[in-house]
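> got a predicted structure plus its sequence, pasted below:
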Amino acid sequence: MNLNRRNFIKAGVAGWVVYQTMASGALASSLKPSTKHKKVVWVMLRGAMDSLHGVLPVGDPDFMAIRGDLVKPIVNQLLPLEQGFALHPALKNCHSWYQNQEFSPVVAVASGYRERSHFDGQDQMESGLNTTDHENGWLARAANLAHGHGLAISQTVPIALRGDDASQTWYPSHFATTEDDLIDRLRTLYAGNEEFSGLLESAVTNRDMLEMNGKDRTRANFSYLAKQCGELLNRDNSANCAMLELNGWDTHNNQFSRLSRQFEILDNGLGELKTGLGESWNKTVVIVTTEFGRTVAINGTKGTDHGTGSAMFLLGGAIKGKQVLGKWPGLKKEHLFANRDLMPTTDVRSWMASVLHQHWGLSLADLNNVFPDVTPIAQSIVKSLS
């Protein structure tokens, strides 16, 4: 019998409580030797992050005239980067990693999507295709080609990991911890089935690991989820890639205070991800993206509206950091997309393809299966690791 998480749930063998336990299990896999310990974590910022408030182009002569009302309160607290850019002051971990050559922002990027629907933009980015396939995700295709499998920190399998039957999901249960006597009963029930028994023991091991030292399983904030993601990836025979997501980036109003909080949440969560990864951080690339950017101009409610170009972050111990990557198009009106948005100069997928090529060793033919008709960036962005 070919068992995977979704077929197991459909079979209804142990019901919802066991589903919650099993969903935390990371199945062993035979990874390609060169990729076994090299991890990729994708963080999706849902809602369209305003890159001009995260990676601020303070060296652009038009920036302060356009964005001064949102920037002046923090202008003396900005964290300096190279090439006339600065990070928002809440991104303290990111700036520290930048100084340690483990973080690089990429400016003026977008996917192939050019409309303004959050849902369509997110779905297309998760699919990685020019036309969205809701059952075929880019991270699943990449994991299959690397002979690995993915982990989604989610209650359901996201599009990015669909198409890979070995993909796992984990999310903290809203129910009380499964009692030990129920586990004993399940052990008896599954005693004659090697596959079910193995799944149960793997899930119990994960449960115990995540609850050690009195950890609260009911928490679902980003920092907690990120740390658990790191810990699960740091296990032997774990997944070689994972997906996290963070909502709350649709800042049509009161952007200043809202993004100050959002960047703090993101930065703290990435710090917890590093903690959870432990030594695996040194062989990990974390990719942070959003579905599209926001308007260059501020709107009438002290926010910004749906745009096009944005930024992405590349970080981790495997990154050749301390670079501001990408090509800056400028903020003069004639250089904007549709006379209102930051002009994208490179494709998000080109950078992700470059990570897969340089970090996992996927061939150009493999990359064309992951991101068809997308050319990877030739620039060296990942360290050479054994």
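Yep, it's here.
> so which residue is dead centre in this protein?
Here the mean C-alpha position of the chain is nearest to the C-alpha of V43 (C-alpha atoms, centre = their mean), at a distance of 1.4 Å.
> tell me what the longest helix seen in the chain is packed against?
When the chain is parsed with DSSP state H, its longest helix is helix 255-277. In this structure, helix 255-277 packs against strand 39-45, helix 92-99, helix 222-233, strand 241-246, strand 284-290, with contacts taken as 3 or more C-beta pairs under 8 Å, 6 or more residues apart in numbering; DSSP states H and E. (C-beta placed from N, C-alpha, C; glycine too.)
> one more time with 6 Å
Secondary structure elements in contact with helix 255-277, counted by 3 or more C-beta pairs under 6 Å, 6 or more residues apart in numbering; DSSP states H and E, are helix 92-99, helix 222-233.
> and it with strand 284-290, angle?
Helix 255-277 and strand 284-290 meet at an angle of 160 degrees, taking axes from the mean of the first three to the mean of the last three C-alpha atoms, to 10 degrees as the criterion.
> got the contact list for helix 255-277?
In this structure, residues lying in contact with helix 255-277 by C-beta atoms under 6 Å, 6 or more residues apart in numbering are 53, 70, 88, 90-91, 93-94, 222-223, 226-227, 230-231, 234, 248, 251, 281, 284, 303.
> same deal with stretch 65-83?
Outside of stretch 65-83, the residues that reach it under the criterion C-beta under 6 Å, 6+ apart are A86, L87, P89, H95, F256, V296, V324.
> check stretch 354-370 too.
With C-beta under 6 Å, 6+ apart as the test, stretch 354-370 has contacts from 34-35, 38, 138, 141-142, 145-146, 285, 353, 376-377, 381-382.
> and those, which of them are in strands?
Those of the contacts of stretch 354-370 mapping onto strands are V285, per DSSP state E.
> return the member of the contacts of stretch 354-370 nearest to P158.
Distances from the contacts of stretch 354-370 to P158 were compared by C-beta to C-beta; the smallest belongs to W138, at 10.9 Å.
> how close does that closest one sit to N234?
24 Å (C-beta to C-beta, to the nearest Å).
> cool, G321 as well?
Distance, G321 to N234, using C-beta to C-beta: 21 Å.
> can you check A318 too?
When distance is defined by C-beta to C-beta, A318 is 14 Å away from N234.
> between these two, who's got more neighbours?
In terms of neighbours (other C-beta atoms under 10 Å), A318 is the more surrounded of A318 and N234; the figures are 26 against 17.
> the more buried one contacts K383, doesn't it?
Yes - counting by C-beta atoms under 6 Å, K383 is a contact partner of A318 at 5.3 Å.
> what segments of the chain are helices?
Taking DSSP H to define them, one finds helices in the chain at 5-11, 15-22, 63-71, 92-99, 118-127, 138-145, 180-189, 194-211, 222-233, 255-277, 348-360, 364-370.
> give me the number of residues near N221?
Counted with other C-beta under 10 Å, the neighbours of N221 add up to 13.
> over to I381?
Other residues within reach of I381 by the criterion other C-beta under 10 Å amount to 22.
> for it, give me phi and psi.
Dihedral angles phi and psi of I381 (degrees, to the nearest 10) take the values phi -130, psi -10.
> tell me the confidence at it?
The pLDDT attached to I381 in the predicted structure is 98.
> any idea how far H359 is from it?
9 Å.
> next one: L385
Computed with C-beta to C-beta, the distance linking L385 and H359 is 8 Å.
> more neighbours, those two?
H359 (25 against 13).
> test my guess that G84 contacts V55.
No - counting by C-beta under 6 Å, G84 sits too far from V55 to count as a contact (10.8 Å).
> between those two, which one's more packed in?
Under the criterion of other C-beta under 10 Å, the comparison of G84 against V55 puts V55 first, with 26 against 15.
> contacting residues around the more buried one?
Residues counted as contacts of V55 (C-beta under 6 Å, 6+ apart) are F85, P105, V107, A311.
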